[in-house]
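# Kindly generate the corresponding structure for this input.
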Amino acid sequence: MGYAQVELRPFEPVYILPSEYRSVLLIIPAYNEAECIASVVREARRTLAGADILVINDGSLDETADRASEAGAFVLSHPFNLGIGGTVQTGFKFALQRGYDYVVRMDGDGQHDPAYLDALLNIVRSGQADVAVGSRFLWGAGPKHLPPLRRLGIGLFAKEVSWLTHHPATDTTSGMAALNRRAITLLAGCMPQDYPEVESRILLHCAGLRVQEAPVRMRERLTGVSSIDSWRSLYYAVKVTVAVLLTAIKRRPVYRMELPNVRPSALRRAHP
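You can find the predicted model right below:
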């Protein structure tokens, strides 16, 4: 499994915002989401009123970047499509370079309800875990609209991660999460590509970081369709399963690196 290596130039400092969320960055990966990204940003703003919002435009062919900027988000645009792993890693690198203490993440297609972001963030802020992941399956059977093959793949990943980490996992493909500085540091340096959420669970475990799931509800996409159809879900299930097993077996030194107990940054970054 490959890893995205994204280099970003140092960012210029911006003004300080006196807010309980001044150390929080919400990252939203987006690809061709011009029809809904503005509403996603505005809804997230109402939930995390003072957090900075960064939309990573992954080489979109539409007006995703313009709509996100008009809605009040920071925007970073890739010159071409890197995929979800490279896009999320860009957000982590941005957060690390600018001194944010916490990152929360949600998708740009409207499926994630930002009302749950605060609960995820509170788990991490309180020290209960280094990463809090929103799970669709802690309420019960999970979303009914998931195709059978995709549901099968998600179940396979959950069992595999639970077995390898010795901790119960129910939703290892969820893109809704909150992370502290230690987790940001790790994943900014090494981020898996295909279904990065699955393999990231193994990386976090090998680095000694704690992951906790919390129940969330998902909605239907506001626009567009998923790029992962049923048969591609089956293909990724096999591909990612092999990659996760190799990651756990190799236990590369970078995964076992000593992550510093970083104190909250003295420099707070926010919108100008």
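
# Start from the N-terminal end of this protein and give the strands.
Ranges of strands in the chain, per DSSP state E, are 24-30, 52-57, 74-77, 102-105, 131-135, 177-180, 211-215.

# Rebuild these as CSV, extending it with distance to residue 91 and mean pLDDT.
No exception for glycine: its C-beta is placed from N, CA and C like everyone else's. Listed next are these as CSV, based on distance: least, Cβ to Cβ, whole Å; pLDDT from 0 to 100:
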stretch, distance to residue 91, mean pLDDT
strand 24-30, 3, 98
strand 52-57, 5, 98
strand 74-77, 8, 96
strand 102-105, 7, 98
strand 131-135, 14, 97
strand 177-180, 10, 98
strand 211-215, 18, 97
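
# could I get these as a markdown table with distance to residue 68 and mean neighbour count?
Shown next, in a markdown table, are the strands of the chain (distance: least, Cβ to Cβ, whole Å; neighbours: other Cβ atoms under 10 Å):
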| stretch | distance to residue 68 | mean neighbour count |
| --- | --- | --- |
| strand 24-30 | 7 | 27 |
| strand 52-57 | 4 | 26 |
| strand 74-77 | 5 | 20 |
| strand 102-105 | 15 | 26 |
| strand 131-135 | 22 | 26 |
| strand 177-180 | 20 | 27 |
| strand 211-215 | 27 | 19 |
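
# so which of those strands gets nearest residue 92?
Residue 92 lies closest to strand 102-105 among those, at 6.6 Å (Cβ to Cβ).

# Strand partners (parallel or antiparallel) of that closest one?
Sheet pairing for strand 102-105, assigned by DSSP bridges, gives strand 24-30 (parallel), strand 177-180 (antiparallel).

# looking at it, residue 219 is touching residue 111, isn't it?
Yes: counting by Cβ atoms under 8 Å, residue 219 touches residue 111, with 5.4 Å between them.

# follow-up on the earlier one: any idea which of the strands of the chain gets closest to residue 125?
Per Cβ to Cβ, nearest to residue 125 of the strands of the chain: strand 102-105, 6.8 Å.

# which one of the strands of the chain lies closest to residue 171?
Closest approach to residue 171 among those (Cβ to Cβ): strand 131-135, 3.7 Å.

# Which stretches in the protein count as helices?
When secondary structure is read from DSSP state H, the chain shows helices at 37-47, 64-70, 84-97, 117-125, 148-165, 181-189, 196-206, 230-250.
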